[in-house]
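Participant: Here is a sequence with its predicted model. Questions after.
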Amino acid sequence: MAKILDRKRLVPNLHLLEVHAPEVARKCRPGQFVIIMPDEHGERIPLSIADWDAERGSVTAVFLVVGTSTRKLAALKAGDEVPVFVGPLGRPSEIGSFGTVILAAGCFGIGALWPTARALKAAGNKVVALIDAKAEHLVYWKDRYLSVCDKVRFSSRDHALASKDFVPRPLEELLKAEAPVARVIAVGCTYLMYACAQATKPLGVRTIVSLNPIMVDGTGMCGACRCTAAGKTKFACVDGPDFDAHQLDWEELFTRRKSYFDDEIRSLCRWEETELP
Ligand SMILES: Cc1cc2nc3c(=O)[nH]c(=O)nc-3n(C[C@H](O)[C@H](O)[C@H](O)COP(=O)(O)OP(=O)(O)OC[C@H]3O[C@@H](n4cnc5c(N)ncnc54)[C@H](O)[C@@H]3O)c2cc1C
Ligand code: FES
């Protein structure tokens, strides 16, 4: 069992979860994820590691409430326990001295990209962050990004935060303004990552995305997270989650994410009818 140290709403529909897991906290690297089970009857779901504190023995994730498991997580309080919290899983993100790196983050990706932003800055890169949110009130961890990045630009659909447009257009502008850009790293919903990949492809700018397909075991055994990169079958949990965005079969990714759509809806309806506290 792992104890919840904190669970709080950061902005509407996005929550922070801090879990006491000293063994995990000691080994975390940027880009990795954990698998958590909200209760004994629930499923195992992957969440990116958004922060950790080896001294406190804690690991933090940021999650978006979308279905049954994330609703269960959002109902947890400090002091509650979860039966499964395993990690760190997946290959860490490549951190090196690349030059100018643009980080495009949206939704839970703003949390997930934070350790990478910090590590890339420490490695001597010029780090430019593009934070994408539907509206100004959905932006969180603004101060964290402002504290390490050389430049932070916001894009939102409500034209707030001095933003006139949303991804991919602000990314296209940044690619011009910051040229030469060594790489773009995009983390968030699959569509945001796809849109970034489309924007960088004609310019040949190396683009890394952190895939979030359906996962079960997270250790390469079940095949649930299968994807295709450079024409070869890969498993996002052990070969990723980071992949070269220009080598991915995006159509397959979008299709596989919808595999259990009907079951997910049924599960949510059942939970709301029978178990909703
Ligand atoms: C390596 C990895 C890291 C991840 N990191 C994070 C993270 O840090 N934070 C986080 O919130 N999620 C993250 N995810 C996605 C997360 O695991 C799923 O959102 C979660 O499993 C959904 O479970 P659920 O039962 O609440 O919803 P489900 O019942 O499984 O899904 C409900 C519906 O929401 C849709 N949906 C699922 N996920 C998303 C999404 N992220 N955005 C929009 N729609 C979605 C589904 O297509 C489905 O139709 C990650 C996934 C992977 C593979
Ligand atoms: S989650 Fe089972 S193989 Fe990746």
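Facilitator: Perfect, I can see it now. Numbering: from 1, shown residues only. Ligands and ions are numbered 1, 2, ... in the order given.

Participant: State the number of residues packed around the closest residue to D51 other than its chain neighbours.
Facilitator: Once flanking residues are discounted, D51 sits nearest to T60: 4.1 Å by Cβ to Cβ, 6 or more residues apart in numbering. Glycine gets a C-beta too; all of them are placed from N, C-alpha and C. T60 has 21 neighbouring residues, counting by other Cβ atoms under 10 Å.

Participant: try R26
Facilitator: R26 has 12 nearby residues by other Cβ under 10 Å.

Participant: That one contacts D53, correct?
Facilitator: No - R26 is beyond contact range of D53, at 10.5 Å (criterion: Cβ atoms under 8 Å).

Participant: In the sheet, which strands lie alongside the helix or strand hosting the residue nearest to D51, parallel or antiparallel?
Facilitator: Assigning secondary structure by DSSP states H and E places T60 in strand 58-64. Strand 58-64 has the following sheet partners, assigned by DSSP bridges: strand 14-20 (antiparallel), strand 51-53 (antiparallel).

Participant: average model confidence for it?
Facilitator: Per-residue pLDDT over strand 58-64 has a mean of 98.

Participant: one step back: what would the strands paired with strand 58-64 look like in JSON lines with mean pLDDT?
Facilitator: Converted to JSON lines, those look like this (pLDDT from 0 to 100):
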{"stretch": "strand 14-20", "mean pLDDT": "98"}
{"stretch": "strand 51-53", "mean pLDDT": "98"}
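
Participant: Of the ones you listed, which is nearest ligand 1?
Facilitator: strand 14-20 (7.5 Å; Cβ to the nearest ligand atom).

Participant: what separates the closest one from the chain centre, distance-wise?
Facilitator: What separates the centre of strand 14-20 from the centre of its chain is 14 Å, taken as Cα atoms, centre = their mean, to the nearest Å.

Participant: returning to that earlier point: ok, the helix or strand following the strand holding T60 near ligand 1 or not?
Facilitator: For strand 58-64, the following helix or strand on the C-terminal side (DSSP H and E) is helix 68-74. Yes - legend: contact between helix 68-74 and ligand 1 by Cβ under 6 Å from any ligand atom is shown at 68-70.

Participant: now those residues as a markdown table including distance to ligand 2 and neighbour count?
Facilitator: Below are those laid out as a markdown table (distance: Cβ to the nearest ligand atom, whole Å; neighbours: other Cβ atoms under 10 Å):
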| residue | distance to ligand 2 | neighbour count |
| --- | --- | --- |
| T68 | 18 | 22 |
| S69 | 15 | 23 |
| T70 | 17 | 18 |
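
Participant: Counting neighbours, which bits of the strand ranked longest in the chain end up buried?
Facilitator: In the chain, taking DSSP state E as the definition, the longest strand is strand 2-11. Residues 2-5, 7, 10-11 are the ones in strand 2-11 that count as buried (16 or more other Cβ atoms under 10 Å).

Participant: Provide a list of residues in contact with R29.
Facilitator: 88, 92-93, 115 (Cβ atoms under 8 Å, 6 or more residues apart in numbering).

Participant: Which residue ranges make up the domains of this structure?
Facilitator: What the record gives for the chain is the domain set 2-89, 100-210, 214-237+249-265, from automatic domain parsing.

Participant: Could you tell me the least trusted of these?
Facilitator: Minimum mean pLDDT among the domains of the chain: domain 214-237+249-265, a mean of 90.

Participant: Strands of the stretch 1-150 of the chain, start to end?
Facilitator: 2-11, 14-20, 33-37, 45-48, 51-53, 58-64, 81-82, 84-89, 100-106, 126-133 (DSSP state E, counting those that start in this stretch).

Participant: Export the ones you listed as a markdown table, with columns for distance to ligand 2.
Facilitator: Output for those, formatted as a markdown table (distance: least, Cβ to the nearest ligand atom, whole Å):
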| stretch | distance to ligand 2 |
| --- | --- |
| strand 2-11 | 20 |
| strand 14-20 | 20 |
| strand 33-37 | 9 |
| strand 45-48 | 8 |
| strand 51-53 | 22 |
| strand 58-64 | 17 |
| strand 81-82 | 19 |
| strand 84-89 | 9 |
| strand 100-106 | 23 |
| strand 126-133 | 27 |
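
Participant: Distance to C189 for the ones you listed - can I get that in JSON lines?
Facilitator: Formatted as JSON lines, these follow (distance: least, Cβ to Cβ, whole Å):
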{"stretch": "strand 2-11", "distance to C189": "15"}
{"stretch": "strand 14-20", "distance to C189": "12"}
{"stretch": "strand 33-37", "distance to C189": "16"}
{"stretch": "strand 45-48", "distance to C189": "13"}
{"stretch": "strand 51-53", "distance to C189": "20"}
{"stretch": "strand 58-64", "distance to C189": "8"}
{"stretch": "strand 81-82", "distance to C189": "24"}
{"stretch": "strand 84-89", "distance to C189": "20"}
{"stretch": "strand 100-106", "distance to C189": "6"}
{"stretch": "strand 126-133", "distance to C189": "10"}
